[in-house]
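K.L.:
Predicted coordinates and the sequence they were generated for:
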Amino acid sequence: MDKSAEAANKTAEAALKNAENALKNAQAAQDKQITERFAKAIEQLGNEKIETRLGAIYTLERIAKDSKDDHWTIMEVLTAFVRENAPVKKDQKQESPKIRTDIQAALTVIGRRNSKNEHENQRLDLSNIDITGVDLIKANLERADFISSNLEGALLREARLQNAEFYDANLRSAVLSEANLQKAYLSGTKLQQANLYKVNLQGSFLPGANLHLANLAEANLQGTNLSGAKNLEQHQIELAKGDRTTILPENLQPLEHWKTKVSPFKLQR
């Protein structure tokens, strides 16, 4: 190799090394910036001014989008913020106040999350909270735990609630029409007068759930366990769609055509 070619190779190697160093420096600077933004947002979440808290919530949402590594930490921060600031009242007779603007904002951000950045064993802890009347239409709340939470009158139309847990939760008068509740756990859930029109309850578990006057029109009950469900009447079942894998309370009868196995794709939304 002549001297000119050797010099060219050395120049190329040096340029490559410089580029690698520049990339490392840029990444370090970006990581530092994200850390500083995160720390400031956490501090602002405790601010007295609602405007400052809202800014912090939306800053955390941007960081979660910018940094996959920080996504789950931010979800944990936001769920903790909701649990701390909207706990279930010990005196259940006391009327729940209108949901705070910052609590609604935090839940909206959680419902916009990219769950592809999460592991299957990671679950949103939204237990023991009072979010009466919350608007979570079309929200992504897969693998969320609402154990013993109050969601009375919540708007959950078309929400994604697969594998969610509502054990002993209050969903009275909630609007769940066309929501996806596949494999959800609703044992002991209060669903009186809830709107479950076209809801997908495939493979869900509802023993002990109170379904008094709940609208089950066109609800998908394939593989749904309703054993021990309270205040469920035959006319409600007759409006729903089930098959021979649907488990009903002992006092109710499956429809004749349910006894014929239905394709799992026919009723799948």
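P.N.:
Received, thanks. In this text the structure is predicted, and so the values were computed from the model without any measurement.
K.L.:
contacts and neighbour counts: CA atoms only from here.
P.N.:
OK.
K.L.:
Can you tell me the closest non-neighbouring residue to the residue nearest in space to the middle of the chain?
P.N.:
The chain has Leu141 as the residue nearest its centroid, 1.2 Å off, counting by C-alpha atoms, centre = their mean. Using C-alpha to C-alpha, 6 or more residues apart in numbering and skipping residues adjacent in sequence, the residue nearest Leu141 is Leu161, 5.1 Å away.
K.L.:
quick one: contacts for that neighbour?
P.N.:
With contact set as C-alpha atoms under 8 Å, 6 or more residues apart in numbering, Leu161 has these partners: 140-144, 179-182, 184.
K.L.:
Let's see that with 7 Å instead.
P.N.:
Residues near Leu161 by C-alpha atoms under 7 Å, 6 or more residues apart in numbering: 140-143, 180-181.
K.L.:
Quick check: of these, which has the highest neighbour count?
P.N.:
Asn180 (29 neighbours; other C-alpha atoms under 10 Å).
K.L.:
and it, bridged to which residues?
P.N.:
Beta-bridge partners of Asn180, counted by DSSP bridges, are Arg160, Asn200.
K.L.:
my guess is it meets Leu156, correct?
P.N.:
No: the criterion here is C-alpha atoms under 7 Å, and Asn180 misses it with Leu156 at 9.8 Å.
K.L.:
now the contacts of Leu161 in TSV, with distance to Thr73 and pLDDT?
P.N.:
Below are those laid out as TSV (distance: C-alpha to C-alpha, whole Å; pLDDT from 0 to 100):
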residue	distance to Thr73	pLDDT
Asn140	17	98
Leu141	16	98
Glu142	17	98
Arg143	16	98
Asn180	26	98
Leu181	25	98
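K.L.:
from these, which is closest to Leu78?
P.N.:
For the contacts of Leu161, the residue nearest Leu78 by C-alpha to C-alpha is Leu141; the value is 13.4 Å.
K.L.:
Figure out the helix or strand that Thr73 lives in.
P.N.:
Per DSSP states H and E, Thr73 falls inside helix 68-85.
K.L.:
which other helices and strands contact that helix?
P.N.:
Here helix 68-85 touches helix 50-66, helix 101-111, going by 3 or more C-alpha pairs under 7 Å, 6 or more residues apart in numbering; DSSP states H and E.
K.L.:
Mind exporting the C-alpha coordinates of the shortest one to PDB?
P.N.:
Yep, that's helix 101-111 we're talking about. In PDB, the C-alpha atoms belonging to helix 101-111 read as follows (Å, rounded to 0.1, in the frame of the first residue of the first chain):
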ATOM      1  CA  THR A 101     -58.600  18.600  36.300                       C
ATOM      2  CA  ASP A 102     -55.100  17.400  36.900                       C
ATOM      3  CA  ILE A 103     -56.300  13.900  37.900                       C
ATOM      4  CA  GLN A 104     -58.300  13.700  34.600                       C
ATOM      5  CA  ALA A 105     -55.200  14.900  32.700                       C
ATOM      6  CA  ALA A 106     -53.000  12.300  34.300                       C
ATOM      7  CA  LEU A 107     -55.500   9.500  33.500                       C
ATOM      8  CA  THR A 108     -55.900  10.800  30.000                       C
ATOM      9  CA  VAL A 109     -52.100  10.600  29.500                       C
ATOM     10  CA  ILE A 110     -52.100   7.100  30.900                       C
ATOM     11  CA  GLY A 111     -54.800   6.200  28.500                       C
END
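K.L.:
Would you mind listing the buried residues in that helix?
P.N.:
With burial defined by 16 or more other C-alpha atoms under 10 Å, the residues of helix 101-111 counted as buried are 102-111.
K.L.:
repeat for the longest one
P.N.:
Within helix 50-66, the residues that qualify as buried by neighbour count (16+ other C-alpha under 10 Å) are 52-54, 56-57, 59-61, 63-64.
K.L.:
As a check, name the ranges of all strands in this protein.
P.N.:
Applying DSSP state E to the chain gives strands spanning 124-125, 144-145.
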